[in-house]
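Enquirer: next one to model:
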Amino acid sequence: MLTIDLSSVYPDFKNLRLRGRLEGNRVVPYWSRAELAQRQDKLPLPVLFWASDPIDLFFLQVQGSGRIELPDGSQARIGYADQNGHPYQSIGRWLISQGQLSADKASMEGIKQWARDNPSRLAEMLNSNPSYVFFRELPASNSGPIGALGVPVSEGRSIAIDPAHVPLGAPVFLATSWPLSERPLNRLVMAQDTGGAIKGPVRVDFFWGFGAKAGAEAGRMRQQGQVWVLLPRGSTPSEMLKKP
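Expert: Residues are numbered from 1 along each chain as shown. Predicted coordinates:
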């Protein structure tokens with residue numbers, strides 16, 4: 001996989017993740033999810049683990065990191081390594097557009113149930129999102145996954161943001177509500193990560209933590225809200241965004 005950085009010539013491309021591969025003497029897009037599935041053992045990539053459930057693997061890729069429970073009960077910790085460069089497409093939106101789920105049912109659990117009920121269309125649904133995330137194994141630890149700043153994110157206090165609009169590392173005050181309720185969720189959080197699906201100035205991904213309860217909350221979280229980015233007195237957002 002080639003990483004293409006054009007920011008020195010085209011500054012507007014600074015936050016674009018361009019990935020490709022060589023085909024003869026041409027640089028072409030890297031393989032999509034469907035193409036990677038077709039190639040399987042032809043890929044020159046090491047296999048870290050085998051997943052027992054393709055839907056769980058898909059949502060692990062959406063999250064970008066996590067823990068894997070092994071047959072002996074032990075756990076392995078994996079983190080984001082790279083992405084194939086294709087834009088993220090929501091499988092929930094695909095199911096809605098196909099008339100398979102209503103908007104209120106397109107949660108993580110709703111998607112998992114649809115997959116269990118429609119195994120013959122599972123590959124079609126997964127391949128509607130051409131984006132594919134590759135992982136690396138991390139040292140054993142009880143800390144959170146490694147974010148875009150290279151440090152572990154904190155349960156309930158870290159968010160992923162679009163770095164084109166919010167400076168990484170900035171404190172952010174978040175005003176929203178708990179999943180599927182009007183119960184307020186107002187707190188100071190830190191912009192510590194990014195994500196392929198996190199685009200726009202008021203779009204964040206809240207890190208709930210590990211475990212079944214955190215996963216359930218994350219799967220239901222589609223709340224509206226407001227964010228305030230806290231910057232040093234006298235600075236402007238454009239100045240902060242230019243900093244490395």
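
Enquirer: domains of the chain?
Expert: Annotated domains of the chain cover 47-141, 147-244 [automatic domain parsing].

Enquirer: buried set for stretch 119-134?
Expert: 125-133 (16 or more other C-beta atoms under 10 Å). (Each C-beta comes from the backbone N, C-alpha and C, glycine too.)

Enquirer: same question but for stretch 232-244, I mixed them up
Expert: 240-241.

Enquirer: ranges for the helices of this protein?
Expert: Ranges of helices in the chain, per DSSP state H, are 33-39, 54-63, 91-97, 108-117, 122-127, 212-220, 237-242.

Enquirer: show me what the fifth one is packed against.
Expert: Spelled out, it's helix 122-127. Helix 122-127 makes packing contacts with helix 33-39, helix 54-63, helix 91-97, helix 108-117 when contacts are defined by 3 or more C-beta pairs under 8 Å, 6 or more residues apart in numbering; DSSP states H and E.

Enquirer: save the ones you listed as TSV, and put in mean neighbour count and mean pLDDT too.
Expert: As requested, these are exported to TSV (neighbours: other C-beta atoms under 10 Å; pLDDT from 0 to 100):
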stretch	mean neighbour count	mean pLDDT
helix 33-39	15	92
helix 54-63	18	89
helix 91-97	18	94
helix 108-117	16	91
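
Enquirer: as CSV, those helices with distance to Ser8 would be great.
Expert: Shown next, in CSV, are the helices and strands packed on helix 122-127 (distance: least, C-beta to C-beta, whole Å):
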stretch, distance to Ser8
helix 33-39, 30
helix 54-63, 30
helix 91-97, 35
helix 108-117, 40
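
Enquirer: look up how far Gln38 lies from the spatially closest residue to Leu22 that is not a sequence neighbour.
Expert: Excluding its sequence neighbours, the residue lying closest to Leu22 (C-beta to C-beta, 6 or more residues apart in numbering) is Leu2, at 7.0 Å. Look at Leu2 and Gln38: by C-beta to C-beta, to the nearest Å, they are 21 Å apart.

Enquirer: what distance do you get for Val62 to Gln226?
Expert: In terms of C-beta to C-beta, Val62 sits 24 Å off from Gln226.

Enquirer: swap that for Ala212, sorry
Expert: Where Gln226 is concerned, Ala212 sits at a distance of 29 Å (C-beta to C-beta).
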